[in-house]
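Colleague: Would you be able to build a 3D model of this:
(2 chains)
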There are 2 protein chains.
Amino acid sequence: MALSVRDERITMKYGAGGRAMRSLIQEIFHDGLVTDDAPGEITLRAMDDGAALRLGSRWLVLTTDSHVVHPLFFPGGDIGRLAISGTVNDLAMMGATDVLALTCAVIIEEGFSRDDLSRIQRSMRLACEQAGARIVTGDTKVMGKGEIDGIVINTTGVALTDRVVPDSALGDGDRLIVTGTIGDHGMAVMAKRLGLAIEGTLESDVTPINALVRSALDAVPGAIVAMKDPTRGGVASALHEMAEKSGVGIIVDELALPVTDAVRATCELLGIDPLHVANEGKAVLGVRPDAVDAVLSALHHHPLGASAAVIGACTTARPGSIILDTGFGRRLLAEPEGEPLPRIC
Amino acid sequence: MALSVRDERITMKYGAGGRAMRSLIQEIFHDGLVTDDAPGEITLRAMDDGAALRLGSRWLVLTTDSHVVHPLFFPGGDIGRLAISGTVNDLAMMGATDVLALTCAVIIEEGFSRDDLSRIQRSMRLACEQAGARIVTGDTKVMGKGEIDGIVINTTGVALTDRVVPDSALGDGDRLIVTGTIGDHGMAVMAKRLGLAIEGTLESDVTPINALVRSALDAVPGAIVAMKDPTRGGVASALHEMAEKSGVGIIVDELALPVTDAVRATCELLGIDPLHVANEGKAVLGVRPDAVDAVLSALHHHPLGASAAVIGACTTARPGSIILDTGFGRRLLAEPEGEPLPRIC
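Modeller: Modelled structure (predicted):
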């Protein structure tokens, strides 16, 4: 995967979760820093949501994320809630739904309001309680006025699991489930940023979903073969990455996609496809066909999974392609170079 | 530990590694996020270099650090080398000298040079090799031009150890060893920033010292009772923190402090005490008196420990105080509110 044009300088598209970003990561981290992996390990090479290392008879799962969202406070959440949810959910996407520990490193701009810092801290605490997680160590840096825009928060998570779920094991006939409505986070942030007045409730979905994922995994052991959280780049990017790595095509039933009226209205206003918009409390699950009903039922029984839906199926035809069935016909769903919105998470 | 004046906004001193920063961390993270610890665990409550969690019969050690150094490239190192060394050394300071894995999250400013990014990546790779460490997962974010100054890098480290060394177990008569010359990193960065032309070689000491620490720990098992790396705030801050947590006083023999001529000259020029200047490849070790010679000998046999020296001893008199014996008399060594230099690491 090479960049079509090799830019001499980093531009916004490289941070947007799409193809350009994966190329940059590949070039900078993968090519330079990848080491030999032990059998079964997931490391940088896999470019998954995190890493999985053998530890005795179990797996130690590790994931890290820097959060740079702008604005810091948005309908439905803030950067603190995002920092906890993002990392907890990345662990969950590897099959590790019991969080062993989180670390938290904050970089603060000189002049930042102490009240806002306290508000963010309270939000992190609440999200930790909801996830059953705790922060065990941290780091604080202050940069000068104008050297950083407000605050950024890095969280790294560790967890143990008996079974790792990769993002690359989809097979012919497997079904794709999305655990709830799509596009809520990205549209809430964008509406806030643009000062849009939208009818209805437009709120970020940012929340830890490890308990929801655990109930889905427990429904039929072994039936969920791949997972990914559709954050930057939205469901489209997640599906593209899963399809490419698994060597399958995915046919998506557009009419089955759960989208709220408020998100749909905002997307239409701005000319953006909800499939390309970030989520922060959703998962895309690849499920063996005979277990789909049981997994869907388990999701529906959890408060965070009420809108879960089967949105597509895998095919060995056209490996790596995402085919959108619109109800009127089929077309290829392109993967954007990057998410339309910078600093979404 | 309360702030004497409760600032409504965060100022640079809160990021400088001294008393002000510890108060902020205490207020924001400790008070809000500390959870009940299991017996023997080290978590946020301890405000140590990292956390230690029981994992079967061993300890899982975790540490995180964001690196914001300015300039990115300085004599003796760069932000990449710093990001690896800083986290490897924090693990080592807990007694965990075999690194299980590192995570790496970079935030890049739009327009950042790709060549510089590659140079930083090569530097990280070299430091990883020297530390016997590997990066297993990462994250990349891009912020807009002017939203972040160049690049910041967070690294989080995990390691297993059989014995955790805290920073708080100094007792009466224990000796303090510093593993080499002090002040090199801070003065190299400052000289570069100010464009000073200094006689002699002024180079940062930034390097992973886990192998050096391992050889010291192995010299006399159990003899090293406390460790701290004197980064922000320098040896003075490290000693203050160790003394305060251990409930002892420390008498420092100023003439025994190893300082290069170049660092001494720069410090005199700028009116800064080398004890207050950051290091990135040194450790302060608290050692049982009967093992001092053996530990010192082990350090001297390692290339990175050639200048190691005994610099002081603990006393039960005046707990929490650092007493500087200048050779002409004794005076109290104050802990500065913060390091004199922002963005040093």
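
Colleague: ok, the residue in the stretch 101-250 of chain A that chain B sits nearest to - contacts?
Modeller: Nearest residue of the stretch 101-250 of chain A to chain B (CB to the nearest CB) works out as residue A:142 at 2.7 Å. Bear in mind the C-beta positions are built from the backbone N, C-alpha and C, glycine included. The neighbourhood of residue A:142, defined by CB atoms under 8 Å, 6 or more residues apart in numbering or on different chains, consists of A:107, A:108, A:109, A:110, B:10, B:11, B:12, B:14, B:15, B:16, B:342.

Colleague: Show the subsequent helix or strand relative to whichever strand or helix holds it.
Modeller: Using DSSP states H and E, residue A:142 sits within strand A:135-143. Next helix or strand after strand A:135-143 toward the C-terminus (DSSP H and E): strand A:151-161.

Colleague: Was I right to think residue A:314 contacts residue A:173?
Modeller: Yes: Residue A:314 is in contact with residue A:173 according to CB atoms under 8 Å; the separation is 6.3 Å.

Colleague: what about these two, which has more around it?
Modeller: The neighbour count for residue A:314 versus residue A:173, taken as other CB atoms under 10 Å in any protein chain shown, is higher for residue A:314 (25 against 13).

Colleague: Would you list the phi and psi of the more buried one?
Modeller: Per-residue torsions, residue A:314: phi -90, psi 150 (degrees, to the nearest 10).

Colleague: shouldn't residue A:152 be in contact with residue A:104?
Modeller: No: applying CB under 8 Å, one finds residue A:152 not in contact with residue A:104, separated by 11.5 Å.

Colleague: mind checking how far stretch A:132-148 is from the chain centre?
Modeller: 22 Å (CA atoms, centre = their mean, to the nearest Å).

Colleague: on that earlier part again, now do the strand holding residue A:142 against strand B:151-161, angle only.
Modeller: Counting by axes from the mean of the first three to the mean of the last three CA atoms, to 10 degrees, strand A:135-143 lies at 150 degrees to strand B:151-161.

Colleague: Spell out, range by range, the strands that occur in the stretch 151-300 of chain A.
Modeller: Applying DSSP state E, counting those that start in this stretch to the stretch 151-300 of chain A gives strands spanning A:151-161, A:175-178, A:224-228, A:249-253, A:284-287.

Colleague: Break chain A down into its domains, please.
Modeller: Annotated domains of chain A cover A:12-161, A:175-332 [automatic domain parsing].

Colleague: hey, least reliable of these by pLDDT?
Modeller: Among these, domain A:12-161 has the lowest mean pLDDT, at a mean of 90.

Colleague: helix or strand for residue A:313, which one?
Modeller: If you go by DSSP H and E, residue A:313 is part of strand A:309-315.

Colleague: follow-up on the earlier one: neighbour count: residue A:152 and residue A:104, which is higher?
Modeller: Applying other CB under 10 Å to residue A:152 and residue A:104 shows that residue A:152 carries more neighbours, namely 30 against 26.

Colleague: give the contact list for that one.
Modeller: Applying CB under 8 Å, 6+ apart, we find residue A:152 in contact with A:66, A:67, A:68, A:106, A:107, B:107, B:148, B:152.

Colleague: So what pairs up with it in the strands?
Modeller: With DSSP bridges applied, residue A:152 shows beta-bridge pairing to residue A:107.

Colleague: Distance from the chain centre to the longest helix anywhere in chain A, please.
Modeller: As assigned by DSSP state H, the longest helix anywhere in chain A is helix A:114-131. Computed by CA atoms, centre = their mean, the chain-centroid distance of helix A:114-131 equals 21 Å.

Colleague: In terms of secondary structure, what does that helix contact?
Modeller: Packed against helix A:114-131 by the contact rule (3 or more CB pairs under 8 Å, 6 or more residues apart in numbering or on different chains; DSSP states H and E) you find strand A:77-78, helix A:79-93, strand A:99-109, strand A:151-161, helix B:31-33.

Colleague: Of these, which is nearest residue B:125?
Modeller: strand A:151-161 (20.3 Å; CB to CB).
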